[in-house]
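Novice: Pasting a predicted model and its sequence here:
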Amino acid sequence: MHLLVRAAERGVRIVALDAAGREGGASDHADLADAVRTWEAEAPRWVWDDTARRYPAVLAAGLRVARCVDLRLSRAILRSSAHTRTSELAASPADAWDSPRAESAGDGAALFDVLPPDPDPGEEFRRQRAAVAAAGEAAPRLELLLAAESAGALAAAEMRHTGLPWRADLHRALLAAALGERPAPGERPRRMAEHAGAVRRALDAPDLNPDSPPELLRALTRAGVDARSTRSSELRRLTHPVIAPLLEYKGLARLFSANGWHWLDQNVRDGRFRPDFVPGGVVTGRWASAGGGGALQLPRAVRSAVVADPGWKLVVADAAQLEPRVLAALADDAAMTRAGASGDLYAGIVASGAVDSREHAKVAMLAAMYGATSGKAGRLLPRLSRAFPRAMAVVEDAARAGERGETVTTRLGRSSPPGDAPAYDETADQDRVRARARARGRFTRNFVVQGTAAEWALSWMAIARTRLHETASGVPLAEAAHLVFFVHDELVVHAPEHAATAAADLLRRSAAEAGKLLFGAAPSDFPVAVAVVDAYSDAK
DNA sequence: TATTTAAGCGCC
DNA sequence: AAAGGGCGCTTAAATA
């Protein structure tokens, strides 16, 4: 059963929909939470405009929903999918449904005053159903993709609602140990100031601001250091007394500015970090994050502050070598699948005889998926092509398509955006035209792998979320095992100690199910490394 | 002065 | 001969 959520003069009107979107009976409610309280037991699929906008209020009321259709996210997929190219939806001009997500509710009513009037979600749902229905044999996969995308949006809102356990006291202690005491505003912490002093002395540049790359580069050159940039990776290869203190300084400066006291003040409240995930925020289907939290870039250096509550555990699950395994499954490449069957795909590639070291296997696979062709990686590629022709054909075909200006499409039906037309002044320059085409090819090459891996991860998350909710039906979200974090190929569950092992099993089973959902009963497997720990930093 | 761009670095 | 994907954030520099 689908239940459409439509704004009413007072509160919301809930309308029953059939599979094609035809409207049936309706009921009025004071607000969405009240509607959920009334209807969720019927196990509906809620149809609403924007999960990020509607769902937080439901969660705030202590409720949750099992399933939804996020019309905004679904629109984005159907707008550009090759499978719905001829639909009315794809042909229509951009409208409010193509807008980025709304600010989440609770940030003040004034925000909504400037939003355009809500377009009718019932009409949009019917347009979307028609587009999917016309997609022929691709329709079931598109259905899966829309369901997974929408489930991800629910999970994102729930993870923000419950938050990731964060021990501010431990975080402060690690900052003090690394940087010294918290400085006054505008000052450098003691340890940073010391290293800055050492850098200035080594370069004989008493006024140098080491935070300024051009200034630093000039000072390095003056001191006879042959550096083309001030990147740490480049500096590391050089020998000079300034290098050690400079690298120390850079490391501390990064910690101070990105995840120091200010970050803590802004992002951790009541023992929780509430990440602002943005489902579908990346064209490939990966999530993005917003705001200063940097949820998808939590550095390892601060993960020791992520600690389970007393009596609870963190269950950290990481999909091992996800992208090459996805490629093997996507290409139905039996040889590559066999190489992955042992658990270590790169070791399996060595065992197949294609290359002679694990390191070579890894470099070559990354080159195949990203499009590097130079150096060592480039020389290894022909050997991969001989050993795994089907897998390599998938990425090569995707690259050629991108170079020809075509789009490519993931397993479930997300298509790459069309390329920008080259600027006028570029069309005359054949080298530039070719360089653009190659860059486009690298993008489309990676798109099919990264995008399909994102679909696998979304499915994994959706299945795990459903199973977790099933085992804790009727219990408030935060009182039973629940998802707290996601990073592309990694899921973290916060679970009562007694439920941690079961959660670990659940995450493994969900991964296997996700593989079958995307690729059928193919022999590919998607092993996950699971660790039951107190601190996030103790996993791997 | 306010906003945009670039460099650098973190994550996958 | 060379040719490495996707992000977000902070600071400094450049531009309006």
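Specialist: Looks like it arrived, so ask away. Here the structure is a predicted model, which is why all the values come from computation and not from measurement.

Novice: What mean pLDDT does stretch A:123-131 get?
Specialist: Confidence for stretch A:123-131, expressed as mean pLDDT, is 96.

Novice: List the buried residues of it.
Specialist: By neighbour count with 16 or more other Cβ atoms under 10 Å, stretch A:123-131 contains the buried residues A:124-131. Yep, even glycine has a C-beta here, placed from its N, CA and C like the rest.

Novice: Equivalent analysis for stretch A:2-22, please.
Specialist: Residues of stretch A:2-22 classed as buried under the neighbour-count rule (16+ other Cβ under 10 Å) are A:2-7, A:12-17, A:21.

Novice: which residue is nearest the centroid of chain A?
Specialist: Most central residue of chain A, judged by C-alpha distance to the mean C-alpha position with Cα atoms, centre = their mean, is A:Trp287 at 3.2 Å.

Novice: hang on, it packs against A:Leu296?
Specialist: Yes. With contact defined as Cβ atoms under 8 Å, A:Trp287 reaches A:Leu296; the gap is 6.8 Å.

Novice: got any ranges where the stretch 251-400 of chain A has weak pLDDT?
Specialist: Judged against pLDDT under 70, the stretch 251-400 of chain A has no low-scoring part.

Novice: need the helices for it, in chain order.
Specialist: If DSSP state H, counting those that start in this stretch is used as the criterion, the helices of the stretch 251-400 of chain A fall at A:261-267, A:322-330, A:334-341, A:345-351, A:358-370, A:375-387, A:389-403.

Novice: Output those helices as TSV; include the columns mean neighbour count and distance to A:Val65.
Specialist: Listed next are the helices of the stretch 251-400 of chain A as TSV, based on neighbours: other Cβ atoms under 10 Å; distance: least, Cβ to Cβ, whole Å:
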stretch	mean neighbour count	distance to A:Val65
helix A:261-267	16	27
helix A:322-330	25	28
helix A:334-341	20	36
helix A:345-351	20	38
helix A:358-370	20	36
helix A:375-387	16	45
helix A:389-403	20	37
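
Novice: could I get the ones you listed as TSV with distance to DNA strand C?
Specialist: Output for those, formatted as TSV (distance: least, Cβ to the nearest atom of the strand, whole Å):
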stretch	distance to DNA strand C
helix A:261-267	6
helix A:322-330	8
helix A:334-341	20
helix A:345-351	15
helix A:358-370	4
helix A:375-387	6
helix A:389-403	10
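
Novice: out of those, nearest to DNA strand B?
Specialist: When these are compared by Cβ to the nearest atom of the strand, helix A:322-330 sits nearest DNA strand B, at 7.1 Å.

Novice: For that closest one, which helices and strands make contact with it?
Specialist: Helices and strands touching helix A:322-330, as assessed by 3 or more Cβ pairs under 8 Å, 6 or more residues apart in numbering; DSSP states H and E, comprise helix A:334-341, helix A:345-351, helix A:358-370, helix A:389-403, helix A:430-471, helix A:500-519.

Novice: try 6 Å
Specialist: Applying 3 or more Cβ pairs under 6 Å, 6 or more residues apart in numbering; DSSP states H and E, we find helix A:322-330 packed against helix A:334-341, helix A:389-403, helix A:430-471.

Novice: Would you mind getting the angle between the first one and helix A:389-403?
Specialist: Taking axes from the mean of the first three to the mean of the last three Cα atoms, to 10 degrees, one finds helix A:334-341 and helix A:389-403 inclined to each other by 110 degrees.

Novice: starting at the chain centroid, how far to helix A:334-341?
Specialist: Centre-to-centre, helix A:334-341 and its host chain are 26 Å apart (Cα atoms, centre = their mean, to the nearest Å).

Novice: what do you get for the second one?
Specialist: Between the mean C-alpha point of helix A:389-403 and the mean C-alpha point of its chain there is a distance of 24 Å (Cα atoms, centre = their mean).

Novice: Extract the CA atoms of it and return them as CSV.
Specialist: Taking only C-alpha atoms (Å, rounded to 0.1, in the frame of the first residue of the first chain), the coordinates of helix A:389-403 have been written out as CSV:
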residue,chain,number,x,y,z
PRO,A,389,39.1,-9.8,-20.5
ARG,A,390,35.5,-9.5,-19.6
ALA,A,391,36.1,-7.2,-16.6
MET,A,392,38.5,-5.1,-18.5
ALA,A,393,36.1,-4.8,-21.4
VAL,A,394,33.5,-3.3,-19.1
VAL,A,395,35.7,-0.4,-18.0
GLU,A,396,37.2,0.0,-21.5
ASP,A,397,33.8,0.2,-23.1
ALA,A,398,32.7,2.7,-20.6
ALA,A,399,35.8,4.8,-21.2
ARG,A,400,35.3,4.7,-25.0
ALA,A,401,31.6,5.7,-24.6
GLY,A,402,32.6,8.7,-22.5
GLU,A,403,35.2,9.7,-25.1
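
Novice: what angle separates it from helix A:375-387?
Specialist: Computed by the same axes, to 10 degrees, the angle between helix A:389-403 and helix A:375-387 is 120 degrees.

Novice: any idea which helix or strand comes after the one helix or strand A:Asp28 maps to?
Specialist: Using DSSP states H and E, the secondary-structure element containing A:Asp28 is strand A:23-29. Following the chain from strand A:23-29 toward its C-terminal end, the next helix or strand by DSSP H and E is helix A:32-39.

Novice: quick one, that next one and strand A:23-29 angle?
Specialist: Computed with the same axes, to 10 degrees, the direction of helix A:32-39 lies at 120 degrees from that of strand A:23-29.

Novice: how far away is the spatially closest residue to A:Pro417 that is not a sequence neighbour from A:Ala454?
Specialist: Nearest in space to A:Pro417, with sequence neighbours left out and distances taken as Cβ to Cβ, 6 or more residues apart in numbering, is A:Val283 at 5.6 Å. Per Cβ to Cβ, to the nearest Å, A:Val283 is found 10 Å from A:Ala454.

Novice: Compare the two and say which is more crowded by neighbours.
Specialist: When A:Val283 is set against A:Ala454 and neighbours are counted by other Cβ atoms under 10 Å, the residue ahead is A:Ala454, at 27 against 17.

Novice: residue contacts, the closest residue to that one other than its chain neighbours?
Specialist: With Cβ to Cβ, 6+ apart as the measure, A:Gly285 is the residue that lies nearest to A:Ala454, at 4.0 Å, once sequence neighbours are left out. Residues counted as contacts of A:Gly285 (Cβ atoms under 6 Å, 6 or more residues apart in numbering) are A:414, A:451, A:454.

Novice: hmm, back to that, who touches both of A:Trp287 and A:Leu296?
Specialist: When contacts are counted by Cβ under 6 Å, 6+ apart, A:Trp287 and A:Leu296 are jointly contacted by no residue.
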